[in-house]
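**Student:** What follows is a predicted protein model with its sequence.
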Amino acid sequence: MAALGFAAACAWPLSGQASPCEDIDHEGLSYTVCEVDPAADDLRLFLTDENGGLYGSFQAIDRAANGEKLVFAMNAGMYHPDRRPVGQYLEEGEEVMRLVTNAGPGNFGMLPNGVFCINDNDARVIETLRYEAEAPECRYATQSGPMLVIDGELHPRFLPDSTSRNIRNGVGTTQDGDRAVFVIANQPVTFHEFGSFFRDYLELPQALYFDGNVSRLHAPGLNRSDFGFAMGPIVGVLSPVDETRPGG
């Protein structure tokens, strides 16, 4: 049930505009960090369009957004070869894929894993068994794994001396969900390094891994939009065109 692996992405340059993203160096490693205010920003998940077809790319979402543009987006959770989500997936409160609570192969099944739950005024990373017990009402939700940070502690299986490195991406949130911070590494990193960035630099108590085989970012304000083979779930922020492009 691991994600489908693809070749490394490339960057597609875009015209400059205001960006919620910035590049940050920490302990000799570079990360791009994108912070979202769930109460103010139109944060949502994207999988299928109004005709039931899979979006698969940032550009497809942009083309379908009537009068709006993506100001930020990244891949958001693991998926099968046909791009169906591996675990829990909700759009507008409708369940597309059920919650998976058992351990399994690959990073997704390296428990504890978790769910990223988005509502109109907050967004929270919630460990899967806690999510099952609380049964929160989420407008959007995507399950992935492993958890990077759980209640301020790194995942217990992360090793400081690990040699497994990948371009990784994920999301961390505050306890009450008033901030959601999305991160992608700009060079291969270990799980321990990646989780430590969320815990030690961003000081976020909960963080969730999205992927390391397919890690892509759309940040027009940084003149960046990674591309490659079609993706599964995507998380992004939409804004009216006239707010993202001067004179638009």
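**Tutor:** Great, that's in hand. Residues are numbered from 1 along each chain as shown.
**Student:** Leaving out sequence neighbours, find the closest residue to the most centrally placed residue in the chain.
**Tutor:** By Cα atoms, centre = their mean, the chain has its centre lying nearest to residue 76, at 3.8 Å. Nearest non-adjacent residue to residue 76, counting by Cβ to Cβ, 6 or more residues apart in numbering: residue 235, 3.7 Å away. Where C-beta positions appear, they are placed from N, C-alpha and C, glycine not excepted.
**Student:** that older thread, pLDDT at the residue nearest to the centre of the chain, what is it?
**Tutor:** Residue 76 is assigned 98 on the pLDDT scale.
**Student:** That one and residue 118: what is the separation?
**Tutor:** Going from residue 76 to residue 118 by Cβ to Cβ, to the nearest Å gives 10 Å.
**Student:** So for the two, which residues contact both of them?
**Tutor:** 45, 235 (Cβ atoms under 8 Å, 6 or more residues apart in numbering).
**Student:** about what we covered before: what residues are up against the residue nearest to residue 76?
**Tutor:** Residue 235 makes contacts with 43-46, 73-76, 116, 118, 142, 171, 182, as judged by Cβ under 8 Å, 6+ apart.
**Student:** Neighbours of residue 115, how many?
**Tutor:** 27 (other Cβ atoms under 10 Å).
**Student:** before we move on, which element is it in?
**Tutor:** In this structure, residue 115 is located in strand 114-118 according to DSSP states H and E.
**Student:** pLDDT (mean, whole number) over that strand?
**Tutor:** Per-residue scores along strand 114-118 average to 98.
**Student:** I appreciate the help and will end here.
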